[in-house]
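# Turn this into a structure:
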Amino acid sequence: MKKLKTNDVLIRKFKVEDADKIYEYFNKSNKISNLSDIQENKSKLETQRIIESAIMEYNTEEPMWALELKQTKEFVGFIKIDNYSPKNKMCKISWGMINNYENEKLIIQALKTVMNYLFERKSIELIECSYYGNNRETDKILDNVGMTKEAVLKQRRFNEKTNTREDYVIYSIAANEYNKLKVCNF
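Numbering: from 1, shown residues only. As a prediction, the model looks like this:
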């Protein structure tokens with residue numbers, strides 16, 4: 001797996017030492033679990049095992065990258081590739097950020113860089129991103145990286161935390177759309 005970078009963020013492999021920060025993140029921010037199927041980690045040991053599993057996946061096409069600020073070397077989030085299909089040349093992308101609203105610029109930089117890598121180096125033809133609920137911040141980020149909202153599937157999940165039904169929102173971008181937009185300036 002290649003190490004990537006933006007002006008402000010290093011996009012790198014996870015290290016076992018990241019487990020404490022990630023555990024802290026997931027336990028402070030239930031927003032990510034509210035928007036996705038990701039469950040909160042019950043212990044630091046569970047988080048460490050998840051990181052170890054992510055490290056083992058670097059030999060597959062479904063990596064999870066850590067996002068680290070270049071200046072401070074501080075862990076600020078992650079980007080994960082799922083459902084990679086070499087046959088269909090597509091994958092799903094998801095992310096999580098500490099202080100999501102403050103780091104919107106950083107996640108946009110990082111997502112554009114990873115998308116560029118997937119389209120240019122891995123010959124992906126379609127990247128999809130989906131989430132549960134109604135989240136304007138996520139919509140804004142996905143719009144800013146050039147993705148298009150394709151569908152809103154009504155009331156697809158019951159959220160036990162909020163005691164409400166939530167929509168399932170699907171965004172995507174195809175390689176030909178990406179190339180027309182010139183999303184990244186490298």
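# list the buried ones in stretch 7-25?
Under the neighbour-count criterion of 16 or more other C-beta atoms under 10 Å, stretch 7-25 has 9, 10, 11, 12, 14, 18, 19, 21, 22, 23, 25 buried. For the C-beta atoms, the positions are set from N, CA and C on the backbone; glycine is no exception.
# same thing with stretch 158-169?
Result for stretch 158-169 [16+ other C-beta under 10 Å]: buried residues 166, 169.
# Between the two ends of that stretch, how far is it?
End-to-end distance of stretch 158-169 (C-alpha to C-alpha, to the nearest Å): 14 Å.
# distance between it and the chain's centre?
20 Å (C-alpha atoms, centre = their mean, to the nearest Å).
# Can you pull the phi/psi pair for the most centrally placed residue in the chain?
Residue closest to the average C-alpha location in the chain (C-alpha atoms, centre = their mean): residue 95, at 2.0 Å. Phi and psi for residue 95, reported as degrees, to the nearest 10, are phi -160, psi 170.
# Give me the phi and psi angles of the residue nearest to it when sequence neighbours are not counted.
Nearest residue to residue 95, sequence neighbours excluded (C-beta to C-beta, 6 or more residues apart in numbering): residue 79, at 4.7 Å. Main-chain dihedrals, residue 79, degrees, to the nearest 10: phi -130, psi 130.
# Residue 79 contacts residue 97, doesn't it?
No: using C-beta atoms under 8 Å, residue 79 is not in contact with residue 97, being 9.6 Å away.
# now for the longest helix seen in the chain, which elements pack on it?
Using DSSP state H, we find that the single longest helix of the chain is helix 104-120. Judged by 3 or more C-beta pairs under 8 Å, 6 or more residues apart in numbering; DSSP states H and E, helix 104-120 is in contact with strand 4-5, strand 9-13, strand 64-69, strand 75-85, strand 90-97, strand 126-132, helix 136-144, helix 175-181.
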